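Asks: Below are the sequence and a predicted model; questions follow.
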Amino acid sequence: MIRINEIKLSLDEEESLLKEKAAKLLRINKKYIKTLCIYKKSVDARKKDDVHFTYSVDVTVSLDEKQITSKCKSSKISLVKPYFYEIPDNKRNSKYRPVIIGFGPAGMLAGLILAEAGLMPVILERGKDIDARQKDVNEFWTKRRLNEESNVQFGEGGAGTFSDGKLTTGIKSPFIRKVLDALYEAGAPEEILYSAKPHIGTDRLAVVVKNIRKKIEKLGGEVRLETKLEKLIVYNGFVQGITYTHKGVTADMETDSVIMAIGHSARDTVEMLYNAGAEIIQKPFSVGARIEHPQSLINKAQYGKFAGHPKLGAADYKLSCHGLHERGAYTFCMCPGGTVVAAASEKEGVIVNGMSSLARDGENANSALLVGIEPCDFPSTHPLAGIYYQREIENTAFKLAGGDYRAPAQLVGDFLAGKESTALGNVKPTCPTGVSLTNLDECLPAKVSATMKSAIAEMDKKLNGFNMYDAVLTAPETRSSSSVRILRDEFCQCNIRGVYPCGEGAGYAGGIVSAAVDGIKCAHAVLSDEH
């Protein structure tokens, strides 16, 4: 197979021209091209007077591919082998079924791999199925009644289900393709296989999650919803089983392999692991707020005169700067045409996140604006001090906004001036529980607030209008990543043998794809059976 990079198409050219352009680069007649598929597609908006698409394509030809590529002598053209995922040999020697805790991206892919390997895993998820979960989330958003076991953080699909479904990642792994293939087969749009910035969308994610569950069950696996892990049963440093609760009934289950894909918000489960003797250390995390602009402003800033072109859709951005104290500030999980999400999972705490539908057709754009928090900023050296710090910020925000799950918010102009907001401008905040205008300096750590102010001014130099006075900041965003790392060895096991800390909650991932990849790694570790 031949890969050709950097094929350019203008916004008005059709993708049917790719075959002709590929043939020209290969110096052959296009009739010799048997197949052509898009490997990567991206928007090149570096020059605002020449916004266009750039493609990488994979082609097979009815000629000698090696001879063709050697004649071309171009760095844009190379021979590649098609990717095929293979499940490792099952070396597991146990009469017990492996158990997975959590059915977010890490738990889903770990469960899928183990089910495909014939191990019939049992997956426990404390929250409800996706349909019932959506009802509980809507109840919270419309009536501010929080269900602590069924919400934006807990339930089938994990926290990623109520997000943009963004599939971008900074990691390098051959398993990324397996993750994308699994999502596509479960109903995600085909463009996730080649888009440079793939996303599924909140609306489509619900279907994908449900289909992955059905596939695991068809392969002999079992997904037990509304089932919460209470404790590990440990003897001589080895896990012997688990204790769980299902709808008020407590029971034990024997197992010698437990993948802990618990997500970043299962704080009670982390405390249980700590009390059971698992080695846990502090880990940096980030704190900040969601910033909302009109999507039209972002489109114009990114695409210039091409803004609004039907092929481009809603523009996004990714910004970073050092700011004050050399502390990193950056945008994260940018949601074009999206909404801010009220994402609480504990009583008397407020947190926000962002999400978009597949169409990304909302009036506003939003992104997290975050500042790095190092362990030296934590209130103590306790391994779980980061969790307690997050909770303190969330509780302060809850009280500041009125104690009813509205989120504290402030106009960007007022935030920069250090004064309380008293009225909204032209940007209508989208947080579904509502907002309470205030001064965010009263709920954000001082260093975070100061760095955000510096960063907004710097980021405006890169994206014109970022410091728009009427733009709205809604706070706090505290759960972009875990504040702990559950230590594990080269076999993905912690010091309690047979326990595999996995994914974002364990401190080994940050986002849907990296969490899912870590789920595959832990499934492979179970198959290797290295105790």
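Replies: Received, thanks. Numbering: from 1, shown residues only.

Asks: In this protein, mark out all the helices, start to finish.
Replies: With DSSP state H as the criterion, the chain has helices at 18-26, 65-72, 105-116, 130-143, 175-185, 202-218, 267-275, 295-303, 385-400, 412-417, 446-462, 512-528.

Asks: for residue 278, what are its contacts?
Replies: 486-487, 494-496, 499, 501 (CB atoms under 8 Å, 6 or more residues apart in numbering). Every C-beta, even on glycine, is put in place using the N, C-alpha and C of the backbone.

Asks: among those residues, who's most crowded?
Replies: residue 501 (29 neighbours; other CB atoms under 10 Å).

Asks: measure the nearest residue in space to that one that is not next to it in sequence to residue 375 for me?
Replies: In space, and not counting its chain neighbours, residue 501 is closest to residue 486: 3.7 Å by CB to CB, 6 or more residues apart in numbering. As judged by CB to CB, to the nearest Å, residue 486 and residue 375 stand 15 Å apart.

Asks: Residue 304 now?
Replies: Counting by CB to CB, the gap from residue 304 to residue 375 is 43 Å.

Asks: The two - which one has more neighbours?
Replies: Comparing residue 304 with residue 375 by other CB under 10 Å, the one with more neighbours is residue 375, at 17 against 14.

Asks: what number of residues lie near the residue nearest to the more buried one when sequence neighbours are not counted?
Replies: Leaving aside its sequence neighbours, residue 375 sits nearest to residue 282 (CB to CB, 6+ apart; 4.1 Å). Using other CB under 10 Å, residue 282 has 22 other residues around it.

Asks: quick thing: my sequence starts at 14, can you match it?
Replies: Fine by me, first position is 14 from now on; the one you just mentioned is residue 295.

Asks: I figured residue 295 hits residue 393, correct?
Replies: No: in this structure, residue 295 is not within contact of residue 393 by CB atoms under 8 Å, at 9.5 Å.

Asks: re earlier: please name the residues that touch the residue nearest to residue 388.
Replies: Residues in contact with residue 295 (CB under 8 Å, 6+ apart) are 388, 391, 394, 396, 398-399, 496-498.

Asks: Repeat that for residue 373.
Replies: Per CB under 8 Å, 6+ apart, neighbours of residue 373: 214, 326-327, 348-351.

Asks: Neighbours of the closest residue to it other than its chain neighbours, how many?
Replies: Spatial nearest neighbour of residue 373, excluding adjacent residues (CB to CB, 6+ apart): residue 350 at 3.7 Å. Residues contacting residue 350 under the criterion other CB under 10 Å number 22.

Asks: Residue 350 is in contact with residue 379, isn't it?
Replies: No: counting by CB under 8 Å, residue 350 stays clear of residue 379, with 9.4 Å between them.

Asks: Residue 517: how many residues sit nearby?
Replies: For residue 517, the count of nearby residues is 29 (other CB under 10 Å).

Asks: again, but for residue 411
Replies: So residue 411, with other CB under 10 Å, has 24 neighbours.

Asks: Wait, it touches residue 418, no?
Replies: Yes: Residue 411 sits in contact with residue 418 when judged by CB under 8 Å, with a separation of 7.2 Å.

Asks: tell me the contacts of residue 237?
Replies: 135-138, 259.

Asks: cutoff 10 Å now
Replies: Listed by CB atoms under 10 Å, 6 or more residues apart in numbering, the contact partners of residue 237 are 112, 116, 135-139, 257, 259, 266.

Asks: how close does it get to residue 107?
Replies: 20 Å.

Asks: Same question for residue 138.
Replies: Between residue 138 and residue 107 the distance is 23 Å, computed by CB to CB.

Asks: So for these two, which residue has more residues nearby?
Replies: Remark: of residue 138 and residue 107, residue 138 carries more neighbours, 29 against 14, as counted by other CB under 10 Å.

Asks: which ones are touching the closest residue to the more buried one other than its chain neighbours?
Replies: Using CB to CB, 6+ apart and skipping residues adjacent in sequence, the residue nearest residue 138 is residue 116, 3.9 Å away. By CB under 10 Å, 6+ apart, the contact list for residue 116 reads 123-124, 136-140, 142-143, 167-171, 174, 222, 225-226, 229, 236-238, 274, 276.

Asks: Can you give me the separation between residue 305 and residue 371?
Replies: Residue 305 is 20 Å from residue 371, by CB to CB.

Asks: try residue 535
Replies: Residue 535 is 29 Å from residue 371, by CB to CB.

Asks: cool, and residue 157?
Replies: The gap separating residue 157 from residue 371 is 28 Å, by CB to CB.

Asks: got it, and residue 139?
Replies: From residue 139 across to residue 371, the span is 28 Å (CB to CB).

Asks: For the two, indicate the residue with more neighbours.
Replies: Neighbours per residue (other CB under 10 Å) separate residue 139 from residue 371, with residue 139 holding more: 27 against 17.

Asks: Was I right to think that one contacts residue 114?
Replies: Yes: shown here, residue 139 and residue 114 form a contact pair, counting by CB atoms under 10 Å, at 8.6 Å.

Asks: who touches both of these two?
Replies: Taking CB under 10 Å, 6+ apart as the criterion, residue 139 and residue 114 both touch 240-242, 257, 275-276, 279, 282.

Asks: Most widely separated two among those residues?
Replies: 257 and 276 (16.5 Å; CB to CB).

Asks: Looking at those two, which one has more neighbours?
Replies: More neighbours surround residue 276 than the other of residue 257 and residue 276, with 30 against 21 (other CB under 10 Å).

Asks: And for that one, nearest residue in space, chain neighbours not counted?
Replies: residue 518 is the one closest to residue 276 (CB to CB, 6+ apart), at 4.5 Å.

Asks: my read: that neighbour touches residue 532, true?
Replies: No: the pair residue 518 / residue 532 is not scored as a contact, 11.6 Å apart, by CB under 10 Å.

Asks: Residues in contact with both of the two, list them for me.
Replies: 115, 117, 119, 274.

Asks: will you turn the residues you listed into a markdown table that also has distance to residue 183?
Replies: Listed next are the shared contacts of residue 518 and residue 532 as a markdown table, based on distance: CB to CB, whole Å:
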| residue | distance to residue 183 |
| --- | --- |
| 115 | 23 |
| 117 | 19 |
| 119 | 17 |
| 274 | 20 |
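
Asks: low-confidence ranges in the stretch 414-544 of the chain?
Replies: Along the stretch 414-544 of the chain, segments meeting pLDDT under 70 span 544.

Asks: mind running it again at 50?
Replies: Regions of the stretch 414-544 of the chain meeting the criterion pLDDT under 50 are absent.

Asks: what does the average pLDDT come to for stretch 91-99?
Replies: Regarding stretch 91-99, the rounded mean pLDDT is 91.

Asks: just to revisit the earlier point, so which of the contacts of residue 373 would you say is closest to residue 208?
Replies: Closest approach to residue 208 among the contacts of residue 373 (CB to CB): residue 326, at 11.0 Å.

Asks: Near the closest one, how many residues? Count them for me, please.
Replies: Residue 326 is flanked by 15 other residues according to other CB under 10 Å.
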